[in-house]
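**Q** Below are the sequence and a predicted model; questions follow.
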Amino acid sequence: MDVLRPPRLQPGDRVRLVSPASYPSADLLAESVRTLESWGLVVEIAPHAMDRHGYMAGHDADRLADLNDAYRDPGVRAVIATLGGAGAYRIADGIDFAAVRADPKPLVGFSDITNLHLAVWRECRVTGVHGCLAGDRSAASTRALLMESEPVELHRDRHALTAAVEVPGKAVGHLVGGHLGTIAWSVGAGLPSLAGAILLLEEPRAVGLGQVDRHLTQLMRSGSLRGLRGVALGRFTGFEDYVDRDWTVVDVLRDRLSALGVPVLGGIDAGHGDNPLSIPLGPLAELDTEVGTLEVGPAVV
């Protein structure tokens, strides 16, 4: 299936804020609206964006309806998740993939929204944005990805935790991935083929090092990483000072990923935490550990 890149956003375009997973605070939603309006966009808020059903933004059927209404509306030119959290995995298979293919538009989000990115990539090969609007740096990089059609060159941050993880080499492939746990949990439940891909991985600490080890081992033992071209490591927030019997998350990543036999570049400043960079998902990317860069094609045309 050919890769489909949506048209870039223009001032005056309509965009819609949806909550496919958890619900945002009123302050976060208002900040998102202000940010998008400052770009000259017309902002709509989906009807159920602030609903509450446990930790989710309302019932599954309502969250899915909001998402599909945004995809089916020809006047909506981008679909922007208000928050990650939990719940997108419940509705990912209900996306109107025919509508997505018929009128490609970028989906912006990360964390639990990785479920939707994976589903859209599997069924439609439509590019999206792993990122958010919270924070000046994050918003600026998201704006550039949505409103400009230029490649993005990300440089290894040598001060980042994962910068110490490297398997030398170069790789070319479509950039796919996001939240490591979501990718691992998708094994047997809709994980797209990663053959020929560069896999982006990031994850915040929820428990100990075992969470990262188990996720990576599940992906390896399931055969899901066969044909992988390379790995780009983003933030592993919360692991900075975490040590378990002399090992850190760097040791776990080195131990597991070195066995894949593909280039691995750490230190990409994307993922959870304050003001991460946003990254295109789906375009062809080139990873080069010698110069420490990940160059990704534009998410829009």
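**A** Cool, got the structure. Numbering: from 1, shown residues only.
**Q** any chance you could map the strands in the stretch 101-250 of the chain?
**A** 107-109, 128-130, 152-155, 166-167, 170-179, 197-202, 230-233 (DSSP state E, counting those that start in this stretch).
**Q** Just give me the neighbour total for Thr114.
**A** For Thr114, the count of nearby residues is 28 (other C-beta atoms under 10 Å). C-beta: built from backbone N, CA, C; applies to glycine.
**Q** i'd like the first residue to be 48 from this point on
**A** Shifting the count to begin at 48 puts that one at Thr161.
**Q** Quick check: closest non-adjacent residue to it.
**A** Gly225 (3.6 Å; C-beta to C-beta, 6 or more residues apart in numbering).
**Q** Burial check on that neighbour, number of neighbours?
**A** Neighbours of Gly225 (other C-beta under 10 Å): 32.
**Q** May I have the beta-bridge partners of it?
**A** Residues in a beta bridge with Gly225, per DSSP bridges, are Leu248.
**Q** JSON lines please, covering the strands of the stretch 148-297 of the chain and showing mean pLDDT and distance to Val62.
**A** Shown next, in JSON lines, are the strands of the stretch 148-297 of the chain (pLDDT from 0 to 100; distance: least, C-beta to C-beta, whole Å):
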{"stretch": "strand 154-156", "mean pLDDT": "98", "distance to Val62": "9"}
{"stretch": "strand 175-177", "mean pLDDT": "98", "distance to Val62": "12"}
{"stretch": "strand 199-202", "mean pLDDT": "98", "distance to Val62": "20"}
{"stretch": "strand 213-214", "mean pLDDT": "98", "distance to Val62": "38"}
{"stretch": "strand 217-226", "mean pLDDT": "98", "distance to Val62": "21"}
{"stretch": "strand 244-249", "mean pLDDT": "98", "distance to Val62": "24"}
{"stretch": "strand 277-280", "mean pLDDT": "98", "distance to Val62": "27"}
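**Q** For the residue nearest to Thr161, give me its contacts.
**A** Shown in contact with Gly225 (C-beta atoms under 8 Å, 6 or more residues apart in numbering): 157-158, 160-161, 164-165, 177, 247-249, 328.
**Q** ok, so of the residues you listed, who is nearest Leu263?
**A** Leu248 (8.4 Å; C-beta to C-beta).
**Q** Surely that closest one touches Gly228?
**A** No - Leu248 is beyond contact range of Gly228, at 9.9 Å (criterion: C-beta atoms under 8 Å).
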